[in-house]
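# Kindly generate the corresponding structure for this input.
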Amino acid sequence: MRIETSEDTRAKIAAKLGLDQPSALDMVDRSKFATDAEYIDAVVQMEAKISNPEYQAARRRVSAEYAQRQEAEERARQEQEYKRIRGSVQLDDLDRREIDAQAVDLARRDLAAGRIFASDLGVAIENYARQLTDQRKDTKAGNELFNMMLRRKG
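Prediction:
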């Protein structure tokens, strides 16, 4: 999960318009040139390069692909982190009691509605308890991952 901020939106718009590039003066290292004239010529060449529409189109395309790859890597990293967290989630006694009570209630509703037989009540309770346990663990792991992401941003 990625939270988009107004800064992220501004950066995306600037990239689409080609306004995210630094000045050619900042892109050329002055220390690599013996004279000011050589430095100015290198800056002019850089400016001509970055002003070229083909260069700008290629830069936007490559920037978009790079951003997609970074997002994919971030999603994969978050998925791994989620799996690690999910594997370590332990439910406390209160969680287990609530899950058991919900499972019994759901199974009794199924029995009252005629969806299961009385002999299947125990199996239905177990199935509901398993589903509710997984849901609770998923919720806890998701909350912990979200909190970790917020702490990293701040």
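# what's the single longest helix in this protein?
Within the chain, and with DSSP state H defining each element, the longest helix by residue count is helix 53-88.
# Next, the buried residues of that one.
For helix 53-88, the neighbour count (16 or more other C-beta atoms under 10 Å) marks 59, 63, 78, 82, 85-86 as buried. (Each C-beta comes from the backbone N, C-alpha and C, glycine too.)
# cool, stretch 132-152 as well?
132-133, 136-137, 140-141, 144-145, 149.
# ok, of these, which one's closest to residue 47?
residue 149 (39.7 Å; C-beta to C-beta).
# Which of the helices or strands spans the closest one?
Using DSSP states H and E, residue 149 falls within helix 121-153.
# Beyond the helix or strand of the chain with the lowest mean pLDDT, next helix or strand please.
Lowest by mean pLDDT, DSSP states H and E among the helices and strands of the chain is helix 6-17, with a mean of 74. Using DSSP H and E, the helix or strand that follows helix 6-17 towards the C-terminus is helix 24-27.
# for that following helix, which positions count as buried?
Neighbour-count burial for helix 24-27 flags residue 24 (criterion: 16+ other C-beta under 10 Å).
# That helix packs against which elements?
helix 36-51 (3 or more C-beta pairs under 8 Å, 6 or more residues apart in numbering; DSSP states H and E).
# Next, the angle helix 53-88 makes with the helix it packs on.
70 degrees (axes from the mean of the first three to the mean of the last three C-alpha atoms, to 10 degrees).
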